[in-house]
Every structure is written in structure tokens, then in C-alpha cells.
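1. Test case, fold it:
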Amino acid sequence: MTSVSGMSLSAIATPNYSMQRTALRAAADAERPLAGIGDQRRFVMTRSRILLLLTTFAAGLAVGVAIPVLGGSAGSKVTNLLTTDLSTEFTPGREVLIDLVEIPPNQKLDWHWHPGEEFHYYMEGNAVIDRVDAPPIIGKPGTVGHVEFKQRHQATAGDEGAKILVFRVHTKGEPWRYLDEKQGHEGKSE
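-> Down below sits the predicted model:
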């Protein structure tokens, strides 16, 4: 006679086959170790993976937010197209930087200055370059502008945003820009 957990099948008195199968399953389950322990371990592992995934997502989100803020301001995008040294016979200690600057609609960049001469070609949209002690530059597609060496300035894009090709003769080894934290909201030094 077959037995499950020390019980003979004849000891399981059931009126029909379906009830016998249910009784056999119950008896077989009684012999297994608690299924809850494995399920709990699986749940803890799943919960740990979800927590790791959420933490990784949050860190990626934080980095994704920080990069535009640190690399440019107000969600602007700066793409370096070329950095090359100039001839030391012609201009010692200088390099050329060519950047594509994209400013979202109705956004302002921080007040800043560059250790170099800056030339703009306004490709798309509309921009106003406010400069300290100089009239603003009104940048419309197809026009050009010039920001002098170390001149403090701020770019503002209009309703269409702005795309500007920036050509800079830059002091080699210097950061590409310096934020001007002393600058007031109206462009006057405080």
C-alpha cells in the first residue's frame, strides 16, 4: 500500500477521486519544508533588486539634472565642436574653441565672462546678449556679434529659443568660462 507521510492511502477515506487528490496533496505538502521561507527569501531578493533599481534610477536622474546645470545654465546645451591650439609664432598661449550653444525658449544663462575674445553667429531663434558697460547685442538668424576679452555678459533667448555658433580665441589652460557671482540682475556690478 502506498503511503504519504506515514499514512496509508486507505487511511484517507474520501468519498470521491477529487477529494482523494486534494488529501494526497495536503499530505505531500506536510512533508515539504515550509514554502514560505523560500518565498520570503525570494521576496527579500526581489525587494532588494527593486530598491537597487530605484536607487540607481534616482542617482541617474540626479546626474541627468546636474549635468545641464553645471555645464551650462537654465537647461542650455553646449556642444564643443572644435578645440585646437593656435600657432605659437602667431598667438602664443592661445587656442580656438568652437561651440554650439542651444538655449531653450525664454531662458537666461548666468552672468559670466571668458578668458578670450568671443564671436557669435546667430543660427536660429532670437537672442539678446546683455553686456556690462556696452549696449546689448540683438542676435537674429544670419547676424554676428562680438563679446570682448573678459567682458561680463548674459544671453537670453526669446520665445523661439536660440542656437548660436560661438567661436572663441581662448587663453590656453583656462576654464571655458567663469561665472560672475557679483553681477546684479540689471547687469551692473554690485
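
2. mind checking how far D180 is from E117?
-> The spacing between D180 and E117, counted by CB to CB, to the nearest Å, is 17 Å. For every residue, glycine as well, the C-beta is placed using N, CA and C.

3. Show me how the protein divides into domains.
-> Residue ranges for the domains of the chain, per automatic domain parsing: 3-69, 77-179.

4. Mean pLDDT lowest where, among these?
-> Mean pLDDT per stretch puts domain 3-69 lowest among the domains of the chain, at a mean of 52.

5. any chance you could map the strands in this structure?
-> 3-4, 7-8, 77-85, 94-103, 112-113, 116-131, 134-139, 144-147, 153-171, 178-179 (DSSP state E).

6. and the ones you listed as TSV, adding mean neighbour count?
-> Listed next are the strands of the chain as TSV, based on neighbours: other CB atoms under 10 Å:
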stretch	mean neighbour count
strand 3-4	14
strand 7-8	12
strand 77-85	12
strand 94-103	18
strand 112-113	19
strand 116-131	19
strand 134-139	16
strand 144-147	17
strand 153-171	19
strand 178-179	14
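
7. list the contacts for the closest residue to T79 other than its chain neighbours?
-> Distance criterion CB to CB, 6 or more residues apart in numbering; nearest residue to T79, sequence neighbours excluded, is L100 at 4.5 Å. Counting by CB atoms under 8 Å, 6 or more residues apart in numbering, L100 touches 78-79, 81, 163-166.

8. Go again with 6 Å.
-> 79, 81, 165 (CB atoms under 6 Å, 6 or more residues apart in numbering).

9. So what pairs up with it in the strands?
-> Counting by DSSP bridges, L100 forms beta bridges with T79, L165.

10. State the distance from K77 to L97.
-> Using CB to CB, K77 is found at 16 Å from L97.

11. Then L109?
-> Counting by CB to CB - L109 and L97 are separated by 16 Å.

12. contacting residues around stretch 83-99?
-> Against stretch 83-99 from outside (CB under 6 Å, 6+ apart): 78, 80-82, 166-170, 172.

13. farthest-separated two in those residues?
-> Spatial extent of those (CB to CB) is set by the pair V78 and K172 at 18.9 Å.
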